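Undergrad: Predicted model and sequence below, questions to follow.
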Amino acid sequence: MLRVIILGSGAGGGVPQWNCGCRVCGAARADPPALQRTQTSIAVSADDHHWFLINASPDLRAQVNATPRLHPARGELRHSPIAGVILTNGEIDAIAGLLTLREGSPFTIYAHADVLATLDANSIFNVLDRSRVPRVAIEPDVAFSPRLPDGTQAQIEIVPFPVPGKPAWYLGDTARGTRPGDTLGLEIRDMHSRRALVVVAACAAVTPELKARLDGAALVLFDGTLWRDDELIASHLGQKTGQQMGHIAMSGDHGAIAALAGLAIGRKMFLHINNSNPVLLSDSEERRMAEDAGWEIPDDGMELTL
(Lines give C-alpha, C1' and ligand atoms only; values in the text may rest on other atoms or scores of the structure.)
Protein backbone atom coordinates (compact mmCIF):
# COMPACT_ATOMS: atom_id res chain seq x y z
CA MET A 1 0.00 0.00 0.00
CA LEU A 2 1.49 3.30 -1.10
CA ARG A 3 0.80 6.32 1.08
CA VAL A 4 1.16 9.82 -0.34
CA ILE A 5 1.16 13.18 1.45
CA ILE A 6 1.09 16.39 -0.57
CA LEU A 7 3.25 18.52 1.71
CA GLY A 8 3.00 21.54 -0.58
CA SER A 9 1.40 22.23 -3.96
CA GLY A 10 2.48 25.78 -4.81
CA ALA A 11 5.07 26.98 -7.31
CA GLY A 12 8.11 29.08 -6.43
CA GLY A 13 7.24 31.65 -3.79
CA GLY A 14 4.11 29.82 -2.66
CA VAL A 15 0.74 31.50 -2.11
CA PRO A 16 0.66 34.27 -1.09
CA GLN A 17 4.03 35.23 -2.54
CA TRP A 18 5.84 37.57 -0.17
CA ASN A 19 5.96 40.55 -2.56
CA CYS A 20 2.82 40.00 -4.64
CA GLY A 21 -0.48 41.82 -4.46
CA CYS A 22 -2.27 39.95 -7.26
CA ARG A 23 -5.90 38.82 -6.93
CA VAL A 24 -5.00 35.33 -5.70
CA CYS A 25 -2.40 36.51 -3.19
CA GLY A 26 -4.78 39.17 -1.88
CA ALA A 27 -7.50 36.56 -1.39
CA ALA A 28 -5.02 34.23 0.33
CA ARG A 29 -4.10 36.93 2.83
CA ALA A 30 -7.75 37.71 3.51
CA ASP A 31 -8.80 34.07 3.94
CA PRO A 32 -5.58 32.33 4.99
CA PRO A 33 -6.11 28.59 5.37
CA ALA A 34 -8.28 28.02 2.31
CA LEU A 35 -5.93 29.47 -0.30
CA GLN A 36 -2.45 29.38 1.16
CA ARG A 37 0.03 27.03 -0.51
CA THR A 38 3.59 26.16 0.40
CA GLN A 39 6.07 25.24 -2.31
CA THR A 40 5.77 21.79 -3.87
CA SER A 41 7.08 18.74 -2.08
CA ILE A 42 5.56 15.27 -1.65
CA ALA A 43 6.14 12.42 0.83
CA VAL A 44 5.62 8.75 -0.05
CA SER A 45 5.84 5.57 2.02
CA ALA A 46 5.13 1.87 1.57
CA ASP A 47 5.14 1.05 5.30
CA ASP A 48 3.92 4.25 7.00
CA HIS A 49 7.18 4.35 9.00
CA HIS A 50 9.88 5.32 6.51
CA TRP A 51 9.15 8.23 4.20
CA PHE A 52 10.79 9.48 1.03
CA LEU A 53 10.43 13.10 -0.05
CA ILE A 54 9.99 14.07 -3.68
CA ASN A 55 11.90 17.35 -3.81
CA ALA A 56 12.88 19.43 -0.81
CA SER A 57 11.07 22.75 -1.07
CA PRO A 58 12.23 25.95 0.66
CA ASP A 59 9.18 25.50 2.93
CA LEU A 60 10.23 22.04 4.11
CA ARG A 61 10.67 22.89 7.79
CA ALA A 62 7.08 24.17 8.07
CA GLN A 63 5.80 21.21 6.04
CA VAL A 64 7.49 18.66 8.30
CA ASN A 65 6.24 20.39 11.44
CA ALA A 66 2.69 20.36 10.02
CA THR A 67 2.85 16.61 9.24
CA PRO A 68 2.77 14.30 12.30
CA ARG A 69 3.91 11.28 10.27
CA LEU A 70 7.22 13.07 9.67
CA HIS A 71 7.83 13.90 13.35
CA PRO A 72 10.50 12.13 15.46
CA ALA A 73 9.33 8.89 17.08
CA ARG A 74 8.00 9.27 20.61
CA GLY A 75 10.77 8.93 23.18
CA GLU A 76 13.61 9.41 20.67
CA LEU A 77 16.01 12.28 21.31
CA ARG A 78 17.16 12.44 17.68
CA HIS A 79 15.16 10.68 14.98
CA SER A 80 13.38 11.30 11.69
CA PRO A 81 11.13 9.05 9.57
CA ILE A 82 12.61 10.72 6.48
CA ALA A 83 14.81 8.09 4.84
CA GLY A 84 15.59 9.85 1.59
CA VAL A 85 14.96 12.71 -0.81
CA ILE A 86 14.49 12.19 -4.56
CA LEU A 87 15.15 15.30 -6.63
CA THR A 88 13.44 15.77 -9.99
CA ASN A 89 15.47 18.83 -11.01
CA GLY A 90 17.98 21.35 -9.72
CA GLU A 91 15.66 24.33 -9.33
CA ILE A 92 15.71 26.32 -6.09
CA ASP A 93 12.13 25.10 -5.51
CA ALA A 94 13.40 21.52 -5.38
CA ILE A 95 16.74 21.71 -3.55
CA ALA A 96 16.70 24.63 -1.08
CA GLY A 97 14.92 22.57 1.59
CA LEU A 98 17.90 20.22 1.80
CA LEU A 99 19.55 22.85 3.98
CA THR A 100 16.74 22.41 6.51
CA LEU A 101 17.80 18.75 6.91
CA ARG A 102 21.32 19.58 8.10
CA GLU A 103 20.92 18.62 11.75
CA GLY A 104 22.67 15.26 11.59
CA SER A 105 19.96 12.68 10.87
CA PRO A 106 20.97 10.20 8.18
CA PHE A 107 19.12 10.05 4.86
CA THR A 108 20.04 9.57 1.19
CA ILE A 109 19.79 12.07 -1.66
CA TYR A 110 18.85 10.54 -5.02
CA ALA A 111 19.21 12.70 -8.13
CA HIS A 112 20.48 12.74 -11.70
CA ALA A 113 24.25 13.17 -11.98
CA ASP A 114 23.83 16.71 -13.37
CA VAL A 115 21.78 17.76 -10.34
CA LEU A 116 24.29 16.16 -7.98
CA ALA A 117 27.01 18.11 -9.78
CA THR A 118 25.08 21.31 -9.03
CA LEU A 119 25.03 20.39 -5.33
CA ASP A 120 28.72 19.46 -5.44
CA ALA A 121 29.61 22.81 -7.02
CA ASN A 122 27.97 24.82 -4.24
CA SER A 123 29.84 24.51 -0.96
CA ILE A 124 26.79 25.49 1.11
CA PHE A 125 25.47 21.94 0.62
CA ASN A 126 28.55 20.62 2.41
CA VAL A 127 26.60 21.19 5.63
CA LEU A 128 25.08 17.81 4.75
CA ASP A 129 27.80 15.45 5.97
CA ARG A 130 28.27 12.87 3.21
CA SER A 131 29.11 10.17 5.74
CA ARG A 132 25.53 10.49 7.00
CA VAL A 133 23.83 11.88 3.89
CA PRO A 134 25.17 10.00 0.85
CA ARG A 135 24.37 11.18 -2.68
CA VAL A 136 23.28 8.53 -5.16
CA ALA A 137 23.01 9.13 -8.90
CA ILE A 138 19.88 7.91 -10.68
CA GLU A 139 19.48 7.43 -14.42
CA PRO A 140 16.51 8.02 -16.71
CA ASP A 141 14.53 4.87 -17.43
CA VAL A 142 16.54 2.81 -14.92
CA ALA A 143 14.43 1.54 -12.00
CA PHE A 144 15.74 1.68 -8.45
CA SER A 145 14.48 0.99 -4.94
CA PRO A 146 15.53 3.55 -2.33
CA ARG A 147 17.23 2.22 0.79
CA LEU A 148 15.97 2.23 4.35
CA PRO A 149 18.29 3.30 7.20
CA ASP A 150 19.30 -0.34 7.86
CA GLY A 151 20.40 -0.73 4.24
CA THR A 152 17.48 -2.87 3.07
CA GLN A 153 15.37 -1.84 0.11
CA ALA A 154 12.09 -0.02 0.63
CA GLN A 155 9.15 -1.80 -0.95
CA ILE A 156 8.95 0.94 -3.55
CA GLU A 157 10.21 0.84 -7.12
CA ILE A 158 10.95 4.19 -8.76
CA VAL A 159 11.56 4.76 -12.45
CA PRO A 160 12.87 8.26 -13.29
CA PHE A 161 12.08 9.35 -16.84
CA PRO A 162 12.94 12.49 -18.83
CA VAL A 163 10.24 15.03 -19.63
CA PRO A 164 10.56 18.19 -21.73
CA GLY A 165 11.86 21.03 -19.61
CA LYS A 166 14.63 23.54 -18.97
CA PRO A 167 17.82 23.59 -16.91
CA ALA A 168 17.63 25.58 -13.70
CA TRP A 169 17.67 29.25 -14.75
CA TYR A 170 20.11 30.37 -12.03
CA LEU A 171 22.86 28.18 -13.52
CA GLY A 172 23.06 30.61 -16.43
CA ASP A 173 24.34 27.90 -18.79
CA THR A 174 21.76 28.36 -21.55
CA ALA A 175 24.28 27.71 -24.30
CA ARG A 176 24.45 23.98 -23.55
CA GLY A 177 20.74 23.46 -24.18
CA THR A 178 18.63 20.90 -22.37
CA ARG A 179 19.70 17.43 -21.28
CA PRO A 180 17.64 14.36 -20.29
CA GLY A 181 18.43 14.88 -16.60
CA ASP A 182 17.34 18.53 -16.40
CA THR A 183 13.71 17.65 -15.69
CA LEU A 184 12.61 14.20 -14.52
CA GLY A 185 9.25 12.64 -13.88
CA LEU A 186 8.96 9.76 -11.43
CA GLU A 187 6.89 6.61 -11.71
CA ILE A 188 6.57 5.31 -8.15
CA ARG A 189 5.16 1.83 -7.72
CA ASP A 190 4.31 -0.18 -4.62
CA MET A 191 6.04 -3.54 -5.03
CA HIS A 192 3.12 -5.49 -3.58
CA SER A 193 0.03 -3.87 -5.10
CA ARG A 194 1.88 -2.67 -8.24
CA ARG A 195 -0.31 0.43 -8.21
CA ALA A 196 1.54 3.46 -9.54
CA LEU A 197 1.83 7.12 -8.69
CA VAL A 198 3.37 9.32 -11.38
CA VAL A 199 4.82 12.69 -10.38
CA VAL A 200 5.62 15.30 -13.04
CA ALA A 201 6.31 18.48 -11.07
CA ALA A 202 7.65 20.38 -14.09
CA CYS A 203 6.92 19.78 -17.76
CA ALA A 204 7.12 21.89 -20.93
CA ALA A 205 5.10 19.65 -23.27
CA VAL A 206 3.15 16.41 -23.40
CA THR A 207 4.82 13.92 -25.73
CA PRO A 208 3.47 10.54 -26.89
CA GLU A 209 6.01 8.88 -24.61
CA LEU A 210 4.77 10.84 -21.63
CA LYS A 211 1.14 10.00 -22.40
CA ALA A 212 2.04 6.30 -22.52
CA ARG A 213 3.79 6.61 -19.15
CA LEU A 214 0.76 8.24 -17.51
CA ASP A 215 -1.86 5.96 -19.04
CA GLY A 216 -3.05 3.45 -16.44
CA ALA A 217 -1.59 5.21 -13.39
CA ALA A 218 -3.67 5.13 -10.21
CA LEU A 219 -2.68 8.74 -9.44
CA VAL A 220 -0.98 11.47 -11.47
CA LEU A 221 0.40 14.65 -9.90
CA PHE A 222 1.14 16.99 -12.79
CA ASP A 223 2.66 20.42 -13.41
CA GLY A 224 -0.08 23.05 -13.06
CA THR A 225 2.08 26.16 -12.89
CA LEU A 226 0.00 28.37 -15.20
CA TRP A 227 -3.55 28.40 -16.53
CA ARG A 228 -2.52 30.05 -19.81
CA ASP A 229 0.87 30.32 -21.44
CA ASP A 230 1.04 34.15 -21.38
CA GLU A 231 -0.45 34.43 -17.90
CA LEU A 232 2.42 36.32 -16.27
CA ILE A 233 2.64 38.80 -19.14
CA ALA A 234 -1.13 39.37 -19.30
CA SER A 235 -1.32 39.95 -15.54
CA HIS A 236 1.77 42.23 -15.54
CA LEU A 237 3.58 39.91 -13.13
CA GLY A 238 6.44 38.89 -15.42
CA GLN A 239 7.94 38.94 -18.88
CA LYS A 240 8.15 35.23 -19.71
CA THR A 241 5.67 32.75 -21.08
CA GLY A 242 5.20 29.37 -19.51
CA GLN A 243 7.04 27.75 -22.40
CA GLN A 244 10.03 30.01 -21.85
CA MET A 245 10.13 28.86 -18.23
CA GLY A 246 9.72 25.17 -19.11
CA HIS A 247 6.08 24.81 -18.00
CA ILE A 248 3.07 23.71 -20.04
CA ALA A 249 -0.17 25.64 -19.47
CA MET A 250 -3.25 23.88 -18.11
CA SER A 251 -5.58 25.30 -20.77
CA GLY A 252 -5.54 25.69 -24.54
CA ASP A 253 -5.45 23.29 -27.46
CA HIS A 254 -1.94 22.15 -26.51
CA GLY A 255 -2.31 22.50 -22.76
CA ALA A 256 -2.20 19.71 -20.21
CA ILE A 257 -5.96 19.31 -19.83
CA ALA A 258 -6.49 18.76 -23.55
CA ALA A 259 -3.30 16.74 -24.07
CA LEU A 260 -4.05 14.26 -21.27
CA ALA A 261 -7.79 13.90 -21.90
CA GLY A 262 -8.97 10.35 -22.45
CA LEU A 263 -6.15 8.59 -20.61
CA ALA A 264 -7.05 5.86 -18.11
CA ILE A 265 -5.87 7.66 -14.97
CA GLY A 266 -7.49 6.86 -11.63
CA ARG A 267 -7.12 10.36 -10.13
CA LYS A 268 -5.33 13.35 -11.58
CA MET A 269 -4.24 16.45 -9.67
CA PHE A 270 -2.38 19.61 -10.51
CA LEU A 271 0.45 20.81 -8.30
CA HIS A 272 3.28 23.36 -8.51
CA ILE A 273 0.51 25.94 -9.04
CA ASN A 274 1.70 29.53 -9.37
CA ASN A 275 0.17 32.38 -7.36
CA SER A 276 -0.97 33.95 -10.67
CA ASN A 277 -3.13 30.96 -11.58
CA PRO A 278 -6.86 31.66 -11.08
CA VAL A 279 -7.58 27.93 -10.79
CA LEU A 280 -6.67 28.33 -7.11
CA LEU A 281 -9.86 30.34 -6.57
CA SER A 282 -12.64 27.88 -5.77
CA ASP A 283 -15.32 30.06 -7.39
CA SER A 284 -13.42 30.81 -10.61
CA GLU A 285 -14.42 29.72 -14.09
CA GLU A 286 -10.96 28.20 -14.46
CA ARG A 287 -11.52 25.96 -11.42
CA ARG A 288 -14.87 24.83 -12.80
CA MET A 289 -13.30 24.00 -16.18
CA ALA A 290 -10.48 22.01 -14.58
CA GLU A 291 -12.85 20.05 -12.34
CA ASP A 292 -15.26 19.40 -15.21
CA ALA A 293 -12.31 17.82 -17.03
CA GLY A 294 -11.68 15.52 -14.05
CA TRP A 295 -8.77 17.38 -12.44
CA GLU A 296 -8.42 18.05 -8.72
CA ILE A 297 -6.69 21.00 -7.04
CA PRO A 298 -5.26 19.56 -3.81
CA ASP A 299 -4.75 21.39 -0.55
CA ASP A 300 -1.46 21.24 1.31
CA GLY A 301 -1.43 18.32 3.73
CA MET A 302 -3.76 16.17 1.64
CA GLU A 303 -3.18 12.43 2.27
CA LEU A 304 -3.92 9.66 -0.23
CA THR A 305 -3.60 5.88 -0.19
CA LEU A 306 -3.11 3.75 -3.30
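TA: Nice, I can see it.

Undergrad: At which residues are the helices of the stretch 1-150 of the chain located?
TA: 23-30, 32-35, 60-65, 92-95, 113-121 (DSSP state H, counting those that start in this stretch).

Undergrad: would TSV of those helices with mean pLDDT be doable?
TA: Listed next are those as TSV, based on pLDDT from 0 to 100:
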stretch	mean pLDDT
helix 23-30	95
helix 32-35	83
helix 60-65	98
helix 92-95	96
helix 113-121	96
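
Undergrad: In a markdown table: these, plus mean neighbour count.
TA: Glycine gets a C-beta too; all of them are placed from N, C-alpha and C. Output for those, formatted as a markdown table (neighbours: other CB atoms under 10 Å):
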| stretch | mean neighbour count |
| --- | --- |
| helix 23-30 | 18 |
| helix 32-35 | 12 |
| helix 60-65 | 19 |
| helix 92-95 | 23 |
| helix 113-121 | 17 |
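
Undergrad: Let's have the ones you listed in CSV, adding distance to Leu221.
TA: Listed next are the helices of the stretch 1-150 of the chain as CSV, based on distance: least, CB to CB, whole Å:
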stretch, distance to Leu221
helix 23-30, 20
helix 32-35, 19
helix 60-65, 15
helix 92-95, 14
helix 113-121, 19
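
Undergrad: what sits against Asn274?
TA: Gly10, Ala11, Gly12, Thr225, Leu226, Glu231, Leu232 (CB atoms under 8 Å, 6 or more residues apart in numbering).

Undergrad: Cys20 reaches Ala11, doesn't it?
TA: No - the pair Cys20 / Ala11 is not scored as a contact, 11.7 Å apart, by CB atoms under 8 Å.

Undergrad: Those two: who's more crowded?
TA: Applying other CB atoms under 10 Å to Cys20 and Ala11 shows that Ala11 carries more neighbours, namely 27 against 17.

Undergrad: returning to what we had before: out of the helices of the stretch 1-150 of the chain, which comes closest to Met245?
TA: Closest to Met245 of those is helix 92-95 (CB to CB; 11.6 Å).

Undergrad: Show residues contacting the closest one.
TA: Under CB under 8 Å, 6+ apart, the answer for helix 92-95 is 11-12, 39-40, 55-58, 87-88, 115, 118-119, 168, 170, 201, 272.

Undergrad: now these: which count as buried?
TA: Buried members of the contacts of helix 92-95, scored by 16 or more other CB atoms under 10 Å, are 11-12, 39-40, 55-58, 87-88, 115, 118-119, 168, 201, 272.

Undergrad: which among those residues gets closest to Thr67?
TA: Among the buried ones among the contacts of helix 92-95, and counting by CB to CB, the member closest to Thr67 is Ser57, at 12.7 Å.

Undergrad: wait, the closest one sits on Ala96?
TA: Yes - between Ser57 and Ala96 there is a contact under CB under 8 Å: 7.1 Å.

Undergrad: about what we covered before: and of the helices of the stretch 1-150 of the chain, who's closest to His247?
TA: When these are compared (using CB to CB), the closest one is helix 92-95, at 11.5 Å.

Undergrad: contacts for the helix-or-strand element of the chain with minimal mean pLDDT?
TA: Lowest on mean pLDDT, DSSP states H and E among the helices and strands of the chain sits helix 32-35, with a mean of 83. Contacts to helix 32-35, defined as CB under 8 Å, 6+ apart, come from residues Val15, Pro16, Val24, Ala27, Ala28, Leu280, Leu281, Ser282.

Undergrad: what about the strands in the stretch 101-250 of the chain?
TA: 108-112, 135-138, 156-162, 184-190, 196-200, 219-223 (DSSP state E, counting those that start in this stretch).
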